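Engineer: Based on what follows, work out the 3D shape:
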Amino acid sequence: MTRHFQQLSAALLLSAAAAISLAADVAKPPKPTKELLDKGKAVYTVNCVLCHGEKGDGNGPAGVALNPKPRDFNKDPFKQGTQPADVFKTVTAGVAGTTMVGWPQLSEEDRWAVTYYVLEMLPKDKKKAPAKR
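Structural biologist: As a prediction, the model looks like this:
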């Protein structure tokens, strides 16, 4: 069991390092076009709804069983900020100490698409908020 845990820990660390490297190498973000937002909705529906829920309230079918619960985009502050680059890094690398995993296996375009879609879900007073650590 301990050896399995060590192997799993090593794999997670390598995955996190790769995700951080990917996030650091990102070129200029694309413009948030209607087509990109539509794609973001599709990516969100396939990959994010299970935890974050359709409305981004953190009450998806899997989210209710997670501890800590997934972020409620309608009221919870984002730990890493709400600038597009901040959310893109979160989508890519996840958030340490939470149940938010990274999605580096998604294409860069899909990660930008879901980034902009999530930002569109935020109430106006939550957009461009500083990071909450």
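Engineer: what bits of the protein have low per-residue confidence?
Structural biologist: Within the chain, the segments meeting pLDDT under 70 span 1-27, 126-133.
Engineer: how does it look with 50?
Structural biologist: 4-5, 7-14, 23 (pLDDT under 50).
Engineer: So which residue is smack in the middle of it?
Structural biologist: For the chain, the residue nearest the mean C-alpha position is residue 91 (3.0 Å; C-alpha atoms, centre = their mean).
Engineer: List the contacts of it.
Structural biologist: Residues in contact with residue 91, defined by C-beta atoms under 8 Å, 6 or more residues apart in numbering, are 102-103, 106, 111, 114-115, 118. In short, each C-beta sits where N, CA and C put it, glycine included.
Engineer: Got the phi and psi for it?
Structural biologist: Backbone torsions of residue 91, given as degrees, to the nearest 10, read phi -60, psi -40.
Engineer: could we number from 542 for the rest of this?
Structural biologist: Okay, residue one is now 542; in that scheme the one you just asked about reads as residue 632.
Engineer: For it, which non-adjacent residue is spatially closest?
Structural biologist: Closest residue to residue 632 apart from its sequence neighbours, by C-beta to C-beta, 6 or more residues apart in numbering: residue 652 at 4.8 Å.
Engineer: Which of the helices or strands spans that neighbour?
Structural biologist: Element membership of residue 652 [criterion: DSSP states H and E] is helix 649-662.
Engineer: hmm, who's touching that helix?
Structural biologist: Residues outside helix 649-662 that contact it (C-beta under 8 Å, 6+ apart) are 563, 567, 570-571, 573, 577-578, 580-585, 588-589, 596-597, 614-615, 623, 625, 628-629, 632-633, 644, 647, 668.
Engineer: Would you mind checking those residues for buried ones?
Structural biologist: With burial judged by 16 or more other C-beta atoms under 10 Å, the buried subset of the contacts of helix 649-662 is 563, 573, 577-578, 580-582, 584-585, 588-589, 597, 614, 623, 625, 628-629, 632-633, 644, 647.
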